[in-house]
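**Q** sequence below, structure please.
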Amino acid sequence: MKADIMKKFIFVLALACVPLVATAADEASHLDRAPDVQHDQAALQNGAKLFVNYCLNCHGASFVRYKRLTELGLTEQQVMDNLMFTADKIGEPMRVAARPAEQKQWFGANPPDLSLVARARASEEGSGADWLYTYLRSFYRDDARPTGWNNTLFANVGMPHVLWELQGEQVLNHETGKLQLAVPGQLSPVAFDEQVRDLVGFLVWIAEPGAGFRKQLGFAVLAFLIVFFGIAYALKKEFWKDVPKN
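**A** Model prediction:
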């Protein structure tokens with residue numbers, strides 16, 4: 001009797017999980033894959049420039065200190081002259097430029113800190129870089145919204161399209177559900193995608209600046225274990241070669 005009840009419970013639970021799995025698959029299916037630029041210092045430097053110029057006005061990255069940007073191949077002087085707009089000392093964190101009270105008045109809530117946004121979206125959507133890459137390219141004009149902008153990936157988002165001068169103005173074709181470029185921006189669509197690629201790459205980097213070292217260390221440990229296994233196996237054969245098998 002208990003076994004039958006348990007089987008029914010497992011069956012019902014499995015049915016309940018099907019819509020969740022389907023929803024997750026649907027959400028992930030429409031994300032554009034973000035190019036990986038974690039090994040391209042020039043792209044990450046450009047992403048840092050875009051971040052401090054377009055994002056840091058409203059979003060902070062308070063878990064990252066300006067000095068950490070020297071790991072991207074920049075000198076401390078270059079960071080202070082070109083990227084450090086919200087602090088006096090290079091050891092200070094990348095705080096938001098706007099005042100929290102003003103942001104709440106403008107947007108209804110304080111915009112989130114972006115230190116871990118790539119990792120947070122990865123846990124929610126399956127790929128944080130892909131989500132950000134798609135999101136930043138999916139804004140369109142919507143006069144019904146307070147900011148005049150909406151987003152196909154994040155419906156009724158409170159954030160305006162801060163990169164609109166670069167991308168231009170997109171409109172949504174409600175019949176096809178696709179975006180169309182109505183007013184060209186300063187950059188071509190290909191060039192704009194490259195800028196978003198670099199910005200997303202930087203957001204991925206600040207979420208875990210030590211990821212590159214961690215991966216290199218992991219490969220080194222695996223290589224050591226493989227070599228050590230070979231040595232240990234050779235020693236084992238040498239020690240046991242004179243021992244009778246019976």
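**Q** how about Leu187, secondary structure?
**A** At Leu187, secondary structure determined by DSSP: H, G, I helix; E, B strand; the rest coil is coil.
**Q** wait, it touches Trp164, no?
**A** No. If you go by Cβ atoms under 8 Å, Leu187 and Trp164 don't touch, sitting 11.2 Å apart. Where C-beta positions appear, they are placed from N, C-alpha and C, glycine not excepted.
**Q** so where does the most centrally placed residue in the chain fall, helix or strand?
**A** Centrality entry for the chain: nearest residue to the mean C-alpha point is Ala118, 2.7 Å, by Cα atoms, centre = their mean. Assigned by DSSP states H and E, Ala118 belongs to helix 117-125.
**Q** any idea of the mean pLDDT in that helix?
**A** Averaged across helix 117-125, pLDDT comes to 78.
**Q** and Ser62, how far from Val200?
**A** Distance, Ser62 to Val200, by Cβ to Cβ, to the nearest Å: 19 Å.
**Q** next: Arg137.
**A** Taking Cβ to Cβ as the criterion, Arg137 is separated from Val200 by 10 Å.
**Q** so which of those two has more stuff around it?
**A** For Arg137 versus Val200, the count of surrounding residues by other Cβ atoms under 10 Å is larger for Val200: 29 against 21.
**Q** distance of that one relative to Phe63?
**A** Using Cβ to Cβ, one gets 18 Å for the distance from Val200 to Phe63.
**Q** repeat for Ala129
**A** If you measure Ala129 against Phe63 using Cβ to Cβ, the figure is 18 Å.
**Q** more neighbours: which of these two?
**A** Using other Cβ under 10 Å as the criterion, Ala129 and Phe63 rank with Ala129 on top: 23 against 15.
**Q** mind listing the helices for this protein?
**A** 2-29, 41-50, 76-82, 100-107, 117-125, 128-135, 164-167, 189-207, 211-240 (DSSP state H).
**Q** got the angle for the last one vs helix 189-207?
**A** What that stands for is helix 211-240. Between helix 211-240 and helix 189-207, the angle comes out at 60 degrees (axes from the mean of the first three to the mean of the last three Cα atoms, to 10 degrees).
**Q** what number of residues lie near Tyr233?
**A** Other residues within reach of Tyr233 by the criterion other Cβ under 10 Å amount to 10.
**Q** ok, now how distant is the residue nearest to Gln103 when sequence neighbours are not counted from Arg99?
**A** Using Cβ to Cβ, 6 or more residues apart in numbering and skipping residues adjacent in sequence, the residue nearest Gln103 is Asn110, 5.0 Å away. According to Cβ to Cβ, Asn110 and Arg99 sit 10 Å apart.
**Q** so which of the two has more stuff around it?
**A** Asn110 (18 against 10).
**Q** I'd guessed the more buried one sits against Pro100; true?
**A** Yes. Using Cβ under 8 Å as the test, Asn110 is close enough to Pro100 to be in contact (5.2 Å).
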